[in-house]
Structure formats: C-alpha cells, structure tokens
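> my questions concern the predicted model and sequence given below.
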Amino acid sequence: MGRHKTVDRDNLLDLAEDIVRSQGAAALTIDSLAKAAGITKGGVQYTFPSKAALIDALCARWMESYETLFATMIAPDPTPVDVIDAHVGATFTDSGPAQAKAASMMTLMLQSPEFMAATQTWYRQRMQALDPSAPEDRQARLAFLATEGAFFLRYFGFLDIADEDWAAIHRDIRSSLTTRRQATSDE
C-alpha cells in the first residue's frame, strides 16, 4: 500500500494565492487547487471543507501579515493620527509581491458578502476615531484615503506606478502628516 501524501496547509494557501494572482479570483476552485497541488479534491477539502473556508484562511493570513507589520510601526498609546500614520507606513513599506498578493486576496474577499462586511468594518474602525472637526485628523483622513487610492491604483493594475514614484508618493503622504503635526504643535 502506497504512502499517502501529507497535505501542507501553508503550501495550499501559497498555491491558492498563485492561482488568484496569475489567473484571477474566479479561477480559484477546490478542483483547481487540487490540480495545482497534485492531490485529490478530497485532500484539499480535508484542510479546507469549502471554498469559503479557503478564502477565509487566505484573508486571515493576509490580515495577520499586515497586522504584524502594522504593529512594528504603531506608537505606544497611539492617537488616531498615529494609527493612520502606521497604516501609511505599513502600506508603503510592504514589498511589491506581498502587496500584489494582498490586492488579489482583496479581490477574492470582496466577492462574498460576509468578507465585504468584514472589510467595511475594518475601514470603519480605521476612520472612526478621527475627529472631522480637528485639522490634524482631517489631514490624517486625507492621508489614509490617498494611501488607499494609491494602493488600489497600483496593485489592481489601474495605473503603472514605478518604484521611484511609489517611494515619492509615500514621502509626500508621510510629509503631509508630519507637516500638519508640526504646524499643530507650533500653534
């Protein structure tokens, strides 16, 4: 009797990301993942009982990666502006391949109402502490929206942004936060 293949969860997630990135979100199925992994559909379903469970695992892994990077950039006892500043840093610091992967995962995530709701909650949490009557908070809101816009334009392929331009956009956004903070502290 032959030895059964061991199903490696992380390897399946890597392969699923590759499918989404190279063929699009619609191409990710239990069958396509099984073929890519060289195992049976049952082998995939042993680890991920459904496509929804697979998508959930992909999104959880991406969010964990983002949150780990974000945690290295957030100040102790952060203000709402510090939270936005850390988000800007995490978004622009992460490597291109990781961000392209994130965009692929977001595309997949947004196909499902429950994942759309989780994304809406995440955005609402990022923005809710900002006080729209405070100039510094309004500047942080603008920096957040500019960061998200730049991310979507670059990683969804809407606009080809060279690495040098990407770095310059990052500097401009960070500078707008710093300049506003300095002006506020000088008042």
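Perfect, thanks for sending it.
> show me where pLDDT drops low in this protein?
Residue ranges of the chain with pLDDT under 70: 1-5, 94-110, 179-187.
> the helices in it, which residues?
With helices called from DSSP state H, the chain shows them at 9-23, 30-37, 41-47, 51-73, 80-93, 96-109, 113-128, 135-155, 163-186.
> deepest-packed of the ones you listed, please.
helix 80-93 (a mean of 20; mean count of other CB atoms under 10 Å). (Glycine included, C-beta is placed from N, CA and C.)
> who's in contact with that one?
66, 69-70, 73-75, 78, 99, 126, 129-131, 136-137, 139-141, 143-144, 147-148, 150-151, 166-167, 169-170, 173-174, 177, 181 (CB atoms under 8 Å, 6 or more residues apart in numbering).
> same question for stretch 113-130.
So stretch 113-130 is contacted by 55-56, 59, 80-81, 83-84, 87, 106, 109-110, 137-138, 140-141, 144 (CB under 8 Å, 6+ apart).
> can you list the domains in the chain?
Domain segmentation of the chain under automatic domain parsing yields 1-49, 59-186.
> contacting residues for Ala146?
169, 173, 176.
> what's the closest non-adjacent residue to the last one?
Of all residues beyond its chain neighbours, the one nearest Ser176 is Ala143 (5.7 Å), with distances taken as CB to CB, 6 or more residues apart in numbering.
> quick one: residues contacting Thr29.
Per CB under 8 Å, 6+ apart, neighbours of Thr29: Lys51.
> and Ala27, how far is that from Val88?
Computed as CB to CB, to the nearest Å, the Ala27 to Val88 distance reads 32 Å.
> just Pro78 next, same as before
Pro78 is 13 Å from Val88, by CB to CB.
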